[in-house]
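Novice: following is a predicted model, sequence given first.
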Amino acid sequence: MWRPERVYFGPAGMPTTVKKGGVIEGIAEVKRLGLDAMEIEFVRKIFLNEKSALDVKSAATQLGVVLTVHAPYYVNLNSDDEGKVKASIERVVESARIGYKAGAWSVCFHAGYYGNLDNKKTHEVMKERVKVIVKTLKDEGIEIWVRPETTGKPSQYGSLEEILDLSLELEMVLPVVDFAHLHARGKGAFKQYQDITRILELIEEKLGREGLENMHIHVSGIEYGEKGEIRHLNLQEADLDYKLLVKALKEFNVKGVIISESPNLEGDAILLRDLFYGSSRKRKSRKRESLNE
């Protein structure tokens, strides 16, 4: 399986600058912008079939763009309705199947809610149902990281500790660390540099260097209230200190993919990329853009 050699930056979905076309046009635009990753968003439905997925893989491979996929939002592995649980499992599995065909390295999903169960019991239920997902994919020979995402509301299963425990307990499971969600879940949790480094220290403590060198990260600004996440914002419009975040990621020498989920998808991906890599990468990307105009 592919392993990241450095940090790759890109948008959650196609850049807003793409006015016509589909995923392949989005990948081409990502490359033109000097970015090198993109998350395919199966938010409402899985819109690629096997043939189109293979075409996407070919385009991404040729252009050197790393892909991830996000499963549909209609997932609750802790539902009281067995039919909804079955459908949720199938949505994640099918996202992984198609994502794998498209060359994606990682499939992200929101696992669900606590509902009427306490945190410990919910974790056990989630573990058994994610185990079904992992076994199904393994039996089909599909090699893709299965990644439950840290969530932005206390009512949602998905604290960092819970996802790290799940990663320890099951094969082929690692977290999507959404720093905006963690910030909102803690009602503005990242006030100081140490608040961010504590997250990375915990990942390393639980998962070792593999946890830091195989990261799938989501970043955006975020508005939050007493019940956690309200909506995503552009980085410069929010109180999440993205400069401190980038500083911490560099200090811990992380590797992986950083996906911008801000409304200004590609703008904030470029902002993070330039902050992470510095002016030399910025100059190179501008040169590439001028050559393609």
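Specialist: Structure received.
Novice: report the contact partners of residue 161.
Specialist: The contact partners of residue 161, by C-beta atoms under 8 Å, 6 or more residues apart in numbering, come to residue 202. (C-beta placed from N, C-alpha, C; glycine too.)
Novice: wasn't residue 39 part of a strand?
Specialist: Yes - secondary structure of residue 39 (DSSP: H, G, I helix; E, B strand; the rest coil): part of a strand.
Novice: partners of it in the sheet?
Specialist: Beta-bridge pairing of residue 39 under DSSP bridges involves residue 12, residue 68.
Novice: was I right to think it contacts residue 68?
Specialist: Yes - because the distance of 4.6 Å satisfies C-beta atoms under 8 Å, residue 39 is recorded as touching residue 68.
Novice: got any residues that touch both of those two?
Specialist: With C-beta under 8 Å, 6+ apart applied, the overlap between the contact sets of residue 39 and residue 68 consists of 108, 259.
Novice: residue 182 versus the closest residue to residue 178 other than its chain neighbours, what's the distance?
Specialist: Setting aside the residues directly before and after it, residue 178 is nearest to residue 218 in space (C-beta to C-beta, 6 or more residues apart in numbering), at 3.9 Å. For residue 218, the distance to residue 182 under the criterion C-beta to C-beta, to the nearest Å works out to 10 Å.
Novice: what about the strands in the stretch 101-250 of the chain?
Specialist: All strands of the stretch 101-250 of the chain, identified by DSSP state E, counting those that start in this stretch, fall at 106-109, 145-148, 176-178, 215-219, 221-225, 228-233.
Novice: nearest to residue 258, out of the ones you listed?
Specialist: Comparing those against residue 258 with C-beta to C-beta, the closest turns out to be strand 215-219 (4.6 Å).
Novice: need the strands of the stretch 101-250 of the chain in CSV with mean pLDDT and mean neighbour count, can you?
Specialist: Output for the strands of the stretch 101-250 of the chain, formatted as CSV (pLDDT from 0 to 100; neighbours: other C-beta atoms under 10 Å):
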stretch, mean pLDDT, mean neighbour count
strand 106-109, 98, 27
strand 145-148, 98, 26
strand 176-178, 98, 27
strand 215-219, 98, 24
strand 221-225, 97, 20
strand 228-233, 97, 18
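Novice: ok, back up a step: what's near enough to touch the residue nearest to residue 178?
Specialist: Remark: with contacts taken as C-beta under 8 Å, 6+ apart, residue 218 is in contact with 12, 108, 149, 176-181, 258-259, 261.
Novice: so can I have CSV of the strands of the stretch 101-250 of the chain showing distance to residue 17?
Specialist: Listed next are these as CSV, based on distance: least, C-beta to C-beta, whole Å:
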stretch, distance to residue 17
strand 106-109, 23
strand 145-148, 27
strand 176-178, 24
strand 215-219, 19
strand 221-225, 20
strand 228-233, 19
